[in-house]
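Engineer: got a structure for you, letters missing:
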């Protein structure tokens with residue numbers, strides 16, 4: 001759910017005094033990397049490391065190749081090596097933090113973002129990332145000051161406002177959260193995530209009509225948004241649009257078949273539609289995956 005600063009050749013520049021052969025292979029790999037030819041780049045940089053195993057910038061470049069090909073654990077290992085070799089490469093903690101975030105090591109990501117903030121205190125993205133890591137760790141109070149700073153440094157980036165709105169909503173500061181979501185949407189009327197999160201915030205205040213409008217807009221902008229479909233199913237359920245709620249639940253469960261909350265919601269929808277077999281099947285599955293036991297539903301399902 002986060003924007004990534006693309007690391008161009010200027011970011012990759014590192015001072016070094018390695019062997020000529022290793023450097024030549026590194027430069028060859030760097031040229032391929034900047035042309036998005038990652039397979040070719042990987043071959044060159046691996047030969048560079050074989051030629052000189054202390055070439056920290058080569059580990060950094062290989063880590064970036066792994067990063068851009070979604071091999072985050074391997075990327076982290078190479079960034080670790082580059083740092084251990086004291087390779088003076090800009091933003092290595094930034095990209096290692098993003099990699100850790102992708103493998104859900106949020107504490108590790110937070111530690112890297114702490115360093116990145118100290119090294120580059122004027123870059124708004126660093127505060128945003130640190131705030132997001134704190135959000136993932138449910139440190140809502142800690143996240144808000146970071147997002148405040150990110151907004152102060154760059155007030156025109158919609159995602160900063162949206163994430164701060166999420167933090168405020170998590171603290172039940174719904175009025176303030178709504179203002180942040182409104183600001184995000186005002187900055188970019190096509191920002192689907194803004195509508196998704198404002199819709200979710202409206203759900204929490206039982207403004208089901210308002211939530212439905214926002215979630216419809218979000219899905220119109222990006223029909224693949226699973227969270228938006230789930231939240232819309234909730235709004236539709238409370239508005240007694242049971243057939244539409246069922247359709248949205250079905251959509252979500254295609255990609256999240258073991259999600260206890262969605263199964264529980266679909267069970268409730270099936271119950272209102274008088275589908276006993278489907279109600280009970282979804283209910284027992286939801287309990288299996290961690291949902292609460294509901295004696296009333298269990299008694300209903302046990303009746304012949």
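Structural biologist: Perfect, I can see it now. These numbers come from a predicted model, not from an experiment.
Engineer: does residue 206 sit in a helix, a strand or a coil?
Structural biologist: Secondary structure, DSSP: H, G, I helix; E, B strand; the rest coil: residue 206 is coil.
Engineer: Just the pLDDT for the nearest residue to it once chain neighbours are set aside.
Structural biologist: Spatial nearest neighbour of residue 206, excluding adjacent residues (CB to CB, 6 or more residues apart in numbering): residue 238 at 7.6 Å. In this view, the C-beta of every residue, glycine as well, is placed from N, C-alpha and C. In this prediction, residue 238 carries a pLDDT score of 97.
Engineer: how about residue 292, phi and psi?
Structural biologist: Residue 292 adopts backbone torsions of phi -70, psi 150, taken as degrees, to the nearest 10.
Engineer: ok, the closest residue to it other than its chain neighbours - contacts?
Structural biologist: Once flanking residues are discounted, residue 292 sits nearest to residue 264: 8.0 Å by CB to CB, 6+ apart. Shown in contact with residue 264 (CB atoms under 8 Å, 6 or more residues apart in numbering): 282, 283, 286, 291, 292.
Engineer: Please name every helix or strand in contact with the helix or strand hosting residue 126.
Structural biologist: Using DSSP states H and E, residue 126 sits in helix 124-136. Helix 124-136 sits against helix 92-102, helix 106-119, helix 140-153, helix 158-170, with contacts defined as 3 or more CB pairs under 8 Å, 6 or more residues apart in numbering; DSSP states H and E.
Engineer: how about the second one: buried residues?
Structural biologist: Same thing as helix 106-119. 106, 108, 109, 110, 111, 112, 113, 115, 116, 117 (16 or more other CB atoms under 10 Å).
Engineer: What of stretch 198-218?
Structural biologist: Using 16+ other CB under 10 Å as the test for burial, stretch 198-218 gives 198-203, 207-208, 210-215, 217-218.
Engineer: mind listing what residue 82 touches?
Structural biologist: Applying CB under 8 Å, 6+ apart, the residues contacting residue 82 are 56, 57, 59, 60, 63, 89, 92.
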